[in-house]
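Undergrad: Return atomic coordinates for the entry below.
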Amino acid sequence: MQKPKGTTDFYPEELAVRNRIFIKLRETALRYNFLEIESPAFESMDLLSRKEGEEIREQIFTLEKKGNEHLGLRFDLTVPAVRMFIQAEKGIPKPVKWFYLSRMWRYEQPQQGRLREFYQFSAELFGSRNADADAEIISLAIESLLSLGLKKGEFIVRLNNKKLLEGILEEFIPEHLIQEVIKLIDKSRKIDERVFNEEMTRMGINKDMSERLEKAIGIKNLSDISESNIKIKEGISELKSLLSSLGTKSEFITLDISTARGLSYYTGNVFEIFDSHEKYRSIAGGGRYDNLVELLGGRSTPAIGFAIGYAVLELILKDKGLISKTPISPEYFIAIVSDDLKEKAIEITDILRKRYTVEIELGGRNLNNQLKYANSIKAKKVIILGKKELVEGMVVVKDMSNGSEQKIKIVELLEYLKPHKSLAI
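TA: A predicted model of the protein is given here:
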């Protein structure tokens, strides 16, 4: 029996790793005063498809239609966040800073780092057009990765501006092809050069246009771009304002005109984060989407956000040796020599569980097999309840790391035991 295609089973050790990563991401977001939200797993198909139109419909897992309701599983976290903002925006101060840590679904061909059921950390900021808001979002993205142990030089933030890119393309690409070309540029890192060129030819892009496009997306400095139209001027201005607001975080940034974020709703600064060697897909991506709230039925509201995909993030952290499966083991195992001691064993277990992780014998095994089991689950210590010891008000505590044993008075047991220590990432 196999799990569904494009999904992940999280056994206890894998889930413990994921939870520790989520804790770090959550702590970082809260330090930036982003507040956590959650929404239903499904939304109306009308809402889901309005963001990206018909192109996304084939990727949505749809639910069986009941009555007049046509619902689908969410494929990202921005749409539900925007809906929630529209419903609540009159009663909350701006800017609104929210984050998500949840799962989504897309019906597509699974690849390394891209699944049908997947998890994302997503942050959204509503209500500010100021470059400081863009800097806040990008700073949070960078700090989130640093909190997990990645270092400067191990990842890079590729920054661009949608207005700038559109303005450059307007100089030599027919207007009706610009958005299609942007989507192709967005795919350029995921497809080989032959496929890219074939797509360009299919669209009617001639050799001269191709050469100018190649030259344009190779520009590395804003000073090398001629401000020949209003979109280029606005894009350069927005990028300069953002860079001046980033402070020391600007050291992580590189200008990359090929960073397109092909979705049409992006309106200004956009960015993607890759590992320095680009061994994997992008770790994170986002940008400004000032028209989306209005598109989904709200009042005109500037907004910016980003998302980190867990699947790629886990691959990179493993590659860097920053996470490993940590054995999940109880601090204490309660061994019972005979059934008539079970009541006392349960009493002691209940007391210890107020402070510690405790396992108790459930299988009726003899003491030797209980000790074997305690060793197999890597229990740190075993508390052995024997008749003779209990008459004396004592138990035997066996240290499984060195085999040493010590008799301890039951009334002193809690004082003897070491303070509880939580798992660290």
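Undergrad: Against Ile273, how distant is the closest residue to Lys3 other than its chain neighbours?
TA: For Lys3, ignoring the flanking residues on the chain, the nearest one in space by C-beta to C-beta, 6 or more residues apart in numbering is Asp9 at 5.5 Å. Where C-beta positions appear, they are placed from N, C-alpha and C, glycine not excepted. Using C-beta to C-beta, to the nearest Å, Asp9 is found at 27 Å from Ile273.
Undergrad: Please say which of these two ends up with more neighbours.
TA: Per other C-beta atoms under 10 Å, whichever of Asp9 and Ile273 has more neighbours is Ile273, with 25 against 8.
Undergrad: Please verify my assumption that the more buried one contacts Leu140.
TA: No - Ile273 lies out of contact with Leu140 (C-beta atoms under 8 Å); the separation is 11.7 Å.
Undergrad: May I see the buried residues of the longest helix along the chain?
TA: Using DSSP state H, we find that the single longest helix of the chain is helix 12-31. Buried residues in helix 12-31, counted by 16 or more other C-beta atoms under 10 Å: Ala16, Val17, Arg18, Ile21, Ile23, Lys24, Leu25, Arg26, Thr28, Ala29.
Undergrad: Adding pLDDT and distance to Ile323, write those out as JSON lines.
TA: What follows is the buried residues of helix 12-31, written out as JSON lines (pLDDT from 0 to 100; distance: C-beta to C-beta, whole Å):
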{"residue": "Ala16", "pLDDT": "92", "distance to Ile323": "10"}
{"residue": "Val17", "pLDDT": "93", "distance to Ile323": "5"}
{"residue": "Arg18", "pLDDT": "94", "distance to Ile323": "9"}
{"residue": "Ile21", "pLDDT": "96", "distance to Ile323": "7"}
{"residue": "Ile23", "pLDDT": "96", "distance to Ile323": "12"}
{"residue": "Lys24", "pLDDT": "97", "distance to Ile323": "10"}
{"residue": "Leu25", "pLDDT": "98", "distance to Ile323": "13"}
{"residue": "Arg26", "pLDDT": "98", "distance to Ile323": "16"}
{"residue": "Thr28", "pLDDT": "98", "distance to Ile323": "16"}
{"residue": "Ala29", "pLDDT": "98", "distance to Ile323": "19"}
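Undergrad: out of these, who's nearest Phe252?
TA: Thr28 (15.2 Å; C-beta to C-beta).
Undergrad: ok, so what distance separates that closest one from Phe34?
TA: Per C-beta to C-beta, Thr28 is found 9 Å from Phe34.
Undergrad: Quickly list what's touching both of those two.
TA: Contact criterion C-beta atoms under 8 Å, 6 or more residues apart in numbering; residues bridging Thr28 and Phe34 by contacting each: Leu140.
Undergrad: Low-confidence ranges, the stretch 51-200 of the chain, go.
TA: 51-55 (pLDDT under 70).
Undergrad: Pop the domain breakdown of the protein in here.
TA: Listed by automatic domain parsing, the domain ranges of the chain are 12-319, 332-416.
Undergrad: Most tightly packed of the ones you listed?
TA: Of those, the one with the most neighbours on average (mean count of other C-beta atoms under 10 Å) is domain 12-319, at a mean of 17.
Undergrad: circling back: so which of the buried residues of helix 12-31 would you say is closest to Pro110?
TA: For those, the residue nearest Pro110 by C-beta to C-beta is Arg18; the value is 18.3 Å.
Undergrad: so who does the closest one touch?
TA: In this structure, Arg18 makes contact with Phe10, Tyr119, Tyr310, Glu314, judged by C-beta under 8 Å, 6+ apart.
Undergrad: Apply 10 Å and report the result again.
TA: Thr8, Phe10, Tyr119, Tyr310, Leu313, Glu314, Ile323 (C-beta atoms under 10 Å, 6 or more residues apart in numbering).
Undergrad: same thing with Gly285?
TA: With contact taken as C-beta under 10 Å, 6+ apart, Gly285 is in contact with 141, 157-158, 186, 259, 261, 263, 270-274, 306-309.
Undergrad: again, only using 7 Å
TA: Arg261, Phe271, Glu272, Phe306, Ala307 (C-beta atoms under 7 Å, 6 or more residues apart in numbering).
Undergrad: And stretch 210-225, how far out from the chain middle?
TA: Stretch 210-225 sits 32 Å away from the centroid of its parent chain (C-alpha atoms, centre = their mean, to the nearest Å).
Undergrad: For that stretch, which outside residues touch it?
TA: Against stretch 210-225 from outside (C-beta under 7 Å, 6+ apart): Ile168, Phe172, Ile185, Met200, Ile232, Ile236, Leu239, Lys240, Leu255, Ile257, Ser258.
Undergrad: Need the phi and psi values for the nearest residue to the third one once chain neighbours are set aside.
TA: If I follow you right, that is Ile185. In space, and not counting its chain neighbours, Ile185 is closest to Ala260: 4.4 Å by C-beta to C-beta, 6+ apart. Backbone torsions for Ala260, taken as degrees, to the nearest 10, come to phi -110, psi -30.
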